[in-house]
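Peer 1: My questions are about this predicted structure, shown below with the sequence.
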Amino acid sequence: MATSRPLKNLTNLSRLSLACPIRAQSPVNPLNSPRAPRIPTNPLAVTFRLSSTASSASQSSNTSPTPLNSSVDPTEVAHFNALASSWWDPHGPSRLLHLMNPLRHTFINRCLSSLPVSPSSRLPQLRYLDIGCGGGIFAESAARLPTTRSVTAIDPSTEVLAVAQAHAKRDPLLMSPGRLTYLNKSVEQLPLPKTESEQFDIVSLFEVLEHVTHPAPFLTSIMPHVKPGGWLVLSTIARTWTSWAVTKVVAEDVMGIVPKGTHDWAKYVNEGELKEWFGRQEGWDGMKTMGVIYVLGLGWKEVPGGEGWGNYFFAVRRER
């Protein structure tokens, strides 16, 4: 989260986001509001920016991404550096991320269980790559699973990553060699895998895509890291009037649940846009979605069809 302008940078940080339990059906025309954004007439070409220049060929190539494909935005990193010290406060600015984390595992398990598993491989040793790990909420929880072999978690923010590393030291399991590795890098700075053994079973991208100006080159740079049979799993926000009202107006301006400036509604990505783009990528299939909403006092809940309102999970499997 099209033109062929160079990819602007992305903070690989997990971000706070909300969704609304009902569709926006207000009789008031949102365009009459001076604060309301103007919805693009061609969202796929103008807002989503998954352009034809982002070829799927790079997923099988071992050549390094060009410097233009850097996904690290210093402004975005600075924004979350200021929140680093409160990352593990369950009642602080990252509260919604803590509450969402169980649903991340629910969705991944649903993806993994969608394929037949032989009795001899019911406890696979999975390798995770968590892009935009932030303070490590998901990375730590994944590293503790009995089915996990290793978790590599990357983030460009030095201050936030320092918080993640310090917190992990509290758990001896996470300190066992190779169990959880934090790297202060963007995905473009990772060496491209030369063999399948260097690829990952699960590549996660939680609450990141909605902060990407040009998602196509960013997604393309991630794809080589997924092993054949592995999954690219992400969560993001649909670009609807509901999501604008809730994430920008209610969450940031009215209630202050999310720090101001966290979201840019124009960068939100619709589920149909993801499906259309991945449908054109050779060797990728098995797309899955799960819509979720945040209910005050109850936390995050799965809602069928919620992917058309606001927050949702999306996954796609690399066939070869």
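Peer 2: Perfect, thanks for sending it. Numbering: from 1, shown residues only.
Peer 1: low-scoring pLDDT stretches of the stretch 101-250 of the chain, where are they?
Peer 2: 117-123, 243-250 (pLDDT under 70).
Peer 1: In stretch 102-119, which residues are buried?
Peer 2: When burial is assessed from 16 or more other CB atoms under 10 Å, stretch 102-119 yields the following buried residues: Leu103, Arg104, Phe107, Ile108, Cys111, Leu112. All C-beta atoms are positioned from the backbone trio N, CA, C, and that covers glycine.
Peer 1: Apologies, that question was intended for stretch 268-281.
Peer 2: For stretch 268-281, the neighbour count (16+ other CB under 10 Å) marks Tyr268, Val269, Asn270, Glu271, Glu273, Leu274, Trp277, Phe278, Gln281 as buried.
Peer 1: What segments of this structure are strands?
Peer 2: 126-131, 148-154, 180-183, 200-206, 226-237, 284-295, 299-302, 311-318 (DSSP state E).
Peer 1: Other residues contacting the lengthiest helix in the chain?
Peer 2: Criterion DSSP state H: the longest helix present in the chain is helix 95-112. For helix 95-112, the external contacting residues (CB atoms under 8 Å, 6 or more residues apart in numbering) are 14, 16-18, 89-90, 134, 137-138, 141-142, 145, 202, 204, 206-207, 231, 233, 235, 257-258, 288, 290, 292, 294, 299-300, 302, 313, 315, 317.
Peer 1: Distance check, the residue lying closest to Leu183 once chain neighbours are set aside against Phe218.
Peer 2: Closest residue to Leu183 apart from its sequence neighbours, by CB to CB, 6 or more residues apart in numbering: Ile154 at 4.7 Å. Distance of Ile154 to Phe218, given as CB to CB, to the nearest Å: 13 Å.
Peer 1: go on, Arg149?
Peer 2: In terms of CB to CB, Arg149 sits 26 Å off from Phe218.
Peer 1: which of those two has more neighbours?
Peer 2: A count of neighbours by other CB atoms under 10 Å puts Phe218 above the other of Arg149 and Phe218, at 30 against 14.
Peer 1: if we can go back for a sec, tell me, what's touching Ile154 and Phe218 both at once?
Peer 2: Taking CB under 8 Å, 6+ apart as the contact rule, Ile154 and Phe218 both touch Val187.
Peer 1: returning to that earlier point: so for Ala162, which of the strands of the chain sits nearest?
Peer 2: strand 180-183 (9.1 Å; CB to CB).
Peer 1: quick one: Pro177 from Ala315, how far?
Peer 2: From Pro177 to Ala315 the distance is 30 Å (CB to CB).
Peer 1: Please say which of those two ends up with more neighbours.
Peer 2: Ala315 (22 against 6).
Peer 1: what pairs with the more buried one across the strands?
Peer 2: Using DSSP bridges, the bridge partners assigned to Ala315 are Val233, Lys288.
Peer 1: show me the contacts for Met175.
Peer 2: Ala168, Lys169.
Peer 1: what about it, distance to Lys169?
Peer 2: For Met175 relative to Lys169 (CB to CB), the value is 6 Å.
Peer 1: likewise Thr220?
Peer 2: Taking CB to CB, one finds Thr220 at 35 Å from Lys169.
Peer 1: Neighbour count for the two, which is higher?
Peer 2: Neighbours per residue (other CB under 10 Å) separate Thr220 from Lys169, with Thr220 holding more: 23 against 9.
Peer 1: tally of neighbours for the residue nearest to Gly283 when sequence neighbours are not counted?
Peer 2: Counting by CB to CB, 6+ apart, Arg320 is the residue found nearest to Gly283 once chain neighbours are left out, at 4.7 Å. If you count neighbours by other CB under 10 Å, Arg320 ends up with 10.
Peer 1: Do I have it right that Arg320 meets Gln281?
Peer 2: No. With contact defined as CB atoms under 8 Å, Arg320 does not count as touching Gln281 (11.6 Å).
Peer 1: which ones are touching Leu115?
Peer 2: Per CB under 8 Å, 6+ apart, neighbours of Leu115: none.
Peer 1: gap between it and Arg317?
Peer 2: 8 Å.
Peer 1: any chance you could map the helices in this protein?
Peer 2: Secondary structure of the chain, counting by DSSP H: helices at 43, 74-81, 95-112, 137-143, 158-168, 215-222, 241-243, 271-279.
Peer 1: Which one, of those, ends up nearest to Arg127?
Peer 2: helix 137-143 (10.3 Å).
Peer 1: Does that closest one pack against any helices or strands, and if so which?
Peer 2: helix 95-112, strand 126-131, strand 148-154, helix 158-168, strand 180-183, strand 200-206 (3 or more CB pairs under 8 Å, 6 or more residues apart in numbering; DSSP states H and E).
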